[in-house]
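S.K.: Quick one: sequence plus predicted model below, questions after.
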Amino acid sequence: MALKNQIQTLIEPALKVLGFDVASISFRKEGSNYILRVVIDKDGPVSMEDIVRAGDLISPLLDEADPIQTPYMLDITSLGIEKPINVERIEGYFNERVRLTLHTPVEKKSIYEGVLQALDGEDVILALDNKKKGTLRIARTNIAKARLAIKF
């Protein structure tokens, strides 16, 4: 069994209990050190506290199973502040700022940013922060891509 698969099989069930998914696992030499990088995800933003909790869970599992024979550093991280969102699980991001890219333009625009307010049937309700303000109703099936967004 490949090392990445072995590690995923080892840590994934425990992470699921905490509500996390394994987004990716990599093991490689960076400079003079070997790094085991585990990228976690969950519905909603991943906080620093989440990363610490995941690390506290993963580290003893790896120590006990000892799947890596060379000294290494464990790096737990997330997909980042503007991580992609699975449109099918968008309801996990209510009250979060999102950027939606549409298949078909709505009101002559294909990209919208705003706060995800609600889901009404199969429509997403987005609170806009442009000049007009207000809300916009977008069919979930019209969303090509979604990601968290930050406002500067």
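M.R.: Looks like it came in fine.
S.K.: How about residues contacting stretch 91-101?
M.R.: Residues outside stretch 91-101 that contact it (CB atoms under 8 Å, 6 or more residues apart in numbering): 42-45, 82, 85, 90, 110-119, 124, 126, 138, 143-151. Using the backbone N, CA and C atoms, a C-beta is placed for each residue, glycine as well.
S.K.: Give the buried residues for it.
M.R.: The neighbour-count check on stretch 91-101 (16 or more other CB atoms under 10 Å) flags Y93, R97, V98, R99, L100 as buried.
S.K.: What residue, apart from its backbone neighbours, is nearest the third one spatially?
M.R.: In this case it means V98. Nearest residue to V98 in three dimensions, chain neighbours excluded: L116, at 5.1 Å (CB to CB, 6 or more residues apart in numbering).
S.K.: Would you quantify the distance from D129 to R147?
M.R.: According to CB to CB, to the nearest Å, D129 and R147 sit 16 Å apart.
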